[in-house]
Structure formats: C-alpha cells, structure tokens
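> structure for the following, please:
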Amino acid sequence: MHKFVVRQPIKTGEHKLVGNELLFNVENELYNQNQDYSAAETISVFLNQNTDKLEKEAKTFITFTPNLLFKNIPKMFKADELVIQIEDNVITHPLAQKMVQKYKEVGYQIAINDFQFLPRYFGFLEYTDYIKIDVKNQSDETIDNILRMARGFQKLCIATNIDTKKRYDKATSYAFDAYEGSYVAEAAIMKANKVHYMKSNFFQLVIAVTKEIPDVDELEQIIERDASLTYRLLRIVNSAHFALRYK
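Take a look at the predicted model:
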C-alpha cells in the first residue's frame, strides 16, 4: 500500500504563500484521519524526509485528532512551524479546551476547520488564530455571519474547498485573508517512503539496554523523543516473533 503526502498551498489574494496544508493519501485516495496510527506514521515519514524544506517555507497546517493531540504528536514540529488544525471531533471532546490551551500556551497556532456558526465553536475563539470556512458547502448568509464575527475577534479567515474560478471569484468578493483549494494551486505530491529513525537515538538505545542494569527512565527518555523509533519498536514488539495475545 502506497502512502502519499499532499501539500496543498494556502495563498492570499496576491498569491503570497501563507502555508501548506498536509493531507494524507493512501493509493491516491484521501483516507480517514481518525486512523491515528497511520496518520502519525505518515507525519513522521514526511518530517524525516523534508525537515530542511519545512524550515525554509511557510507554516505547515495539519489536522489532528484528539488521540494525536494527547500523544503529543504536534510536538514533532517546532511551534513556529506548525498550525494545529482541529475539527468537530476535538471541539466536542470533554478535554478539548485544555488540550488546545496547552498547545497555545507553548507557542503553537490553532486553526478551526470548517467553522460552524454554533455555540460550541465560539468557546474556542480565545485560542484560535485561523478560521477556515468551506465556501462550497456554506450558504452566503452563513459565510457573511461567520466573517463578521471572526473579524470582530480579529481572527484570520481562510476560504477552503475552492475548486472552480466561479467559487474563487465568490470568495474574493468577501475579501478573505487567504484561499485554499484545487483552483488556487495544484497540490504537490510527495511519496512517503519507509520511516527512518535518527541513528543517534538508536545507538543510544542500544547502549542503554546493554547495561548490566538498564535504567528504565533513561530508556523512556530516548524512546519518547523519536516517534519513528517508537513506531519501529512497537512493530517489533507486536510482531509474530513475540506472539503476544494483545497489542
């Protein structure tokens, strides 16, 4: 099964790049991002192969599920490189506000995907930097109401799902801060290959486990700072070689 990372540009009306949203594909079909394990793996792959490129470009927008937020997956990125996108599955989570607030306090920016004119979304405005509005599936009245509210709170607004010139012209008439969709720019696809862990962490782990009395705290520190290494170790532990009853 081939995994791909699609980098979809987000641009202003003057075509200035605001950032790139990372979308995940399996064999050219976008897969459900509730598949936390697969999403985390693909993020890790992309980071290992594109670290230098990310540092030189605009911010990276990625949608995270509650599970990925709890597992600190966003911290694989530097705070000034990443915009954490959240959706309704985060907003309705009982610990959602605390999770989002935690990331906001350490410098990450937050975006709400497909903002809805509903009370539960307003509770997140305090922590939100970007509001994304699906212009394809929202009525003109709803778009106008959300924009007026967002500008009152000084939030940046991104029009999404712009797949035709007609839809782009409609969005520009509202003077959004930025625009995203297949019409705005052709998505760049980079195939995600095998995960590579950092060799320095691997060698430190080898040294630590071969001590006469291994230090569990030291092992934990080495493993937790390298998501790719963690992934490989979990694959080994869950392999047929150990034949465990449970993963």
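> tell me which residue is most central in this protein.
The centroid of the chain falls nearest to Ile62 when counting by Cα atoms, centre = their mean (1.9 Å).
> quick check, that residue in contact with Leu82.
Yes: judged on Cβ atoms under 8 Å, Ile62 makes contact with Leu82 at a distance of 6.7 Å. (C-beta placed from N, C-alpha, C; glycine too.)
> okay, and the common contacts of those two?
Shared contacts of Ile62 and Leu82, defined by Cβ atoms under 8 Å, 6 or more residues apart in numbering, comprise Pro74.
> using the three-state scheme, assign Leu147.
helix (DSSP: H, G, I helix; E, B strand; the rest coil).
> count the neighbours of it for me.
Neighbourhood size, Leu147 [other Cβ atoms under 10 Å]: 20.
> quick one, phi/psi of the residue lying farthest from the centre of the chain?
Most distant residue from the mean C-alpha position of the chain: Glu212, 41.1 Å away (Cα atoms, centre = their mean). Backbone geometry at Glu212, expressed as degrees, to the nearest 10, gives phi -60, psi -40.
> I'd like the next helix or strand past the worst-scoring helix or strand of the chain on mean pLDDT.
Every helix and strand of the chain was ranked by mean pLDDT, DSSP states H and E. The lowest is strand 188-192, at a mean of 47. Proceeding N to C from strand 188-192, the next assigned helix or strand is helix 199-209, under DSSP states H and E.
> quick one: low-confidence ranges for the chain?
For the chain, applying pLDDT under 70 flags the ranges 1-5, 24-57, 185-200, 203, 241-242.
> what about the helices in it?
Under the criterion DSSP state H, helices of the chain are mapped to 36-56, 66-70, 88-91, 96-105, 119-122, 140-152, 165-173, 199-209, 216-224, 227-237.
> quick one, which of those helices is nearest to Lys11?
Nearest of the helices of the chain to Lys11, taken as Cβ to Cβ: helix 165-173 at 10.7 Å.
> before we move on, back to that, now the residue nearest to the centre of the chain, nearest residue through space, not along the chain?
Nearest residue to Ile62, sequence neighbours excluded (Cβ to Cβ, 6 or more residues apart in numbering): Leu22, at 4.9 Å.
> any idea what Ile10 is bridged to?
Gly19, Glu180 (DSSP bridges).
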